[in-house]
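Enquirer: model the structure of this input:
(one chain, ligands or ions: 2)
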Amino acid sequence: VRNKNKIIVGLEVGTSKVCAVAGDLSPDGVITVIGVGQSASQGVRKGEVVDIEAASQSIHAAVADAEESANVEIHSVIASVTGGHIRSFNSRGMVAITTEDGVITKEEVEAVLRNAKAVSLPPDHAVIHAIRQHFFVDGHDGITNPIGMSGSRLEADVHVVHGVRTRLTNAVRCIRHVPLEVENIVLGAFSSALALLSPQQQQLGAIVIDIGGGTTDYIVYAQGTVKHSGVLAVGGDHVTNDIAYGLRIPINRAEQLKIEHGSVLADDTTTTDVVALKREVGLPEQVFPKATISRIMRLRVEETLTLVKKEIEKQKLLDFIGEGVFLTGGSSQIRGIQQLAAEIFHLPVHMAPVSTVGGPKSVLEGPQFATAVGLLKYAQFAADAHEQAPRARFGQRFTKIFQKLRGLM
Ligand SMILES: Nc1ncnc2c1ncn2[C@@H]1O[C@H](COP(=O)(O)OP(=O)(O)O)[C@@H](O)[C@H]1O
Ligand SMILES: [Mg+2]
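Expert: Ligands and ions are numbered 1, 2, ... in the order given. Here you go, the predicted model:
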């Protein structure tokens, strides 16, 4: 039993920014944010590292910043992962109970979870998560913890998340290059959901959509468990690009227009409203109708959210979403996106503040911190073993993550 507080650090290497959040985990499981660090991302595209040297410098800057603000030294992190290569599916595992008295023990539970994730993935893929959903004992449904029950057959449903092994390994290598140890990797959307959703909201059913710079990550909870998850390699930067192409202006001007004057509401502006961009070196003064900007933005955001909806519809999950949609990530700050999402999903849409940990308001309200904060929750979550946590033999801590990616744990 641990009797001292533990410092844990969540690291999100996003397309737009790197964010490190240090948290204090008390022995009774209370997490408090004690420091944050941020830096602009270099060498990351669509959520994936494309330049290890550049990205690890950004990571170093964010972590040094967090060290200073929390007044701690950081040696290891839990990191979120994302990218268009990530896939997921639900799987059922089965084992016969062979103990003498027919009582299910921890060993049978571990065996059935192993069996559930021992499905044939593409050969170049590795499992990121096998999140337990529920168990069946002799076909009896809805069992959350079968240990101590008796039966002859144990089945388990799990949500398996997997991705291209080399791409995941490169994400880890980049962080180790800093150098920092990587304790585990966590799907970005899963992490955001852990920061935003209470157990009751997970029970009632909720969709979390994290719209970042280069990706849109989503996850669906119903009946208290993860039912579906996915990543689209499209985010707020594509909105900026569309504005730049559409208005024939440089990216930095498009980004400024998006943030200061952008909206996705068709009726947000009268047709005569205009935005003027001041003259700069090499660029003349330019005037654009607001309606044009919002039309361009709406097209892209509508398309992205509709794709997410279609994916969730395919899984027949829309009828199980009692709480509604929770928007997070930097691009959830786009004006009017809440209303647009409500029109698309026909569900209540919430702009979710981080609600499951304690700490400074500035962090808990900023949507761009949700993923990194959720990683602190994950540390606690893995400890609770809702998921089959990778277990390292003594002395193997530093290669644990690579063993996991090689499918050895
Ligand atoms: N106020 C704002 N309005 C609209 N978009 C914003 C705003 N602030 C940030 N963004 C957009 O959010 C995106 C970055 O979100 P973030 O969650 O930090 O990304 P990532 O996790 O991918 O690094 C960028 O595309 C940026 O343009
Ligand atoms: Mg992000």
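
Enquirer: for burial, what's the neighbour tally of residue 128?
Expert: 23 (other C-beta atoms under 10 Å). Yep, even glycine has a C-beta here, placed from its N, CA and C like the rest.

Enquirer: helices of the stretch 51-200 of the chain, start to end?
Expert: Per DSSP state H, counting those that start in this stretch, the stretch 51-200 of the chain carries helices over the ranges 52-70, 106-117, 165-176, 188-196, 199-204.

Enquirer: what is the neighbour count of residue 200?
Expert: Neighbour count for residue 200, taken as other C-beta under 10 Å: 11.

Enquirer: so which bits of this structure are right by ligand 2?
Expert: 14, 212, 371 (C-beta under 5 Å from the ion).

Enquirer: okay, and residue 373 sits in which element?
Expert: Per DSSP states H and E: residue 373 is located in helix 370-383.

Enquirer: that helix packs against which elements?
Expert: strand 6-13, strand 17-25, strand 31-40, strand 76-81, strand 181-187, helix 188-196 (3 or more C-beta pairs under 8 Å, 6 or more residues apart in numbering; DSSP states H and E).

Enquirer: nearest spatial neighbour of residue 202, skipping sequence neighbours?
Expert: residue 221 (4.3 Å; C-beta to C-beta, 6 or more residues apart in numbering).

Enquirer: surely that neighbour meets residue 193?
Expert: Yes - counting by C-beta atoms under 8 Å, residue 221 touches residue 193, with 6.6 Å between them.

Enquirer: picking up where we left off before, what's the residue nearest to residue 202 sitting at in phi/psi?
Expert: With angles defined as degrees, to the nearest 10, residue 221 sits at phi -110, psi 140.

Enquirer: now do residue 277
Expert: Per-residue torsions, residue 277: phi -100, psi 130 (degrees, to the nearest 10).

Enquirer: tell me the contacts of it?
Expert: Residue 277 makes contact with 249, 253, 256-257, 283, 285-288, according to C-beta atoms under 8 Å, 6 or more residues apart in numbering.

Enquirer: which members of the residues you listed are classed as buried?
Expert: For the contacts of residue 277, a burial check counting by 16 or more other C-beta atoms under 10 Å picks out 249, 253, 256-257, 288.

Enquirer: what does the protein have sitting close to ligand 1?
Expert: Residues of the chain lying close to ligand 1 (C-beta under 6 Å from any ligand atom) are 12, 14-17, 41, 212-214, 235-237, 240, 255, 258-259, 329-331, 333-334, 368.

Enquirer: let's see 8 Å
Expert: Residues of the chain lying close to ligand 1 by C-beta under 8 Å from any ligand atom are 12, 14-19, 41, 44, 47, 82, 188, 210-215, 235-237, 239-240, 255, 258-259, 262, 328-335, 367-368, 371.

Enquirer: in helices, which of those residues fall?
Expert: Among the residues of the chain next to ligand 1, the ones falling in helices (DSSP state H) are 188, 236-237, 239-240, 255, 258-259, 371.

Enquirer: that older thread, got TSV for the buried ones among the contacts of residue 277, with distance to residue 69 and pLDDT too?
Expert: Below are the buried ones among the contacts of residue 277 laid out as TSV (distance: C-beta to C-beta, whole Å; pLDDT from 0 to 100):
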residue	distance to residue 69	pLDDT
249	36	94
253	32	93
256	28	94
257	32	95
288	39	92
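
Enquirer: farthest-apart pair in those residues, please.
Expert: Within the buried ones among the contacts of residue 277, 256 and 288 form the most distant pair, 11.7 Å apart (C-beta to C-beta).
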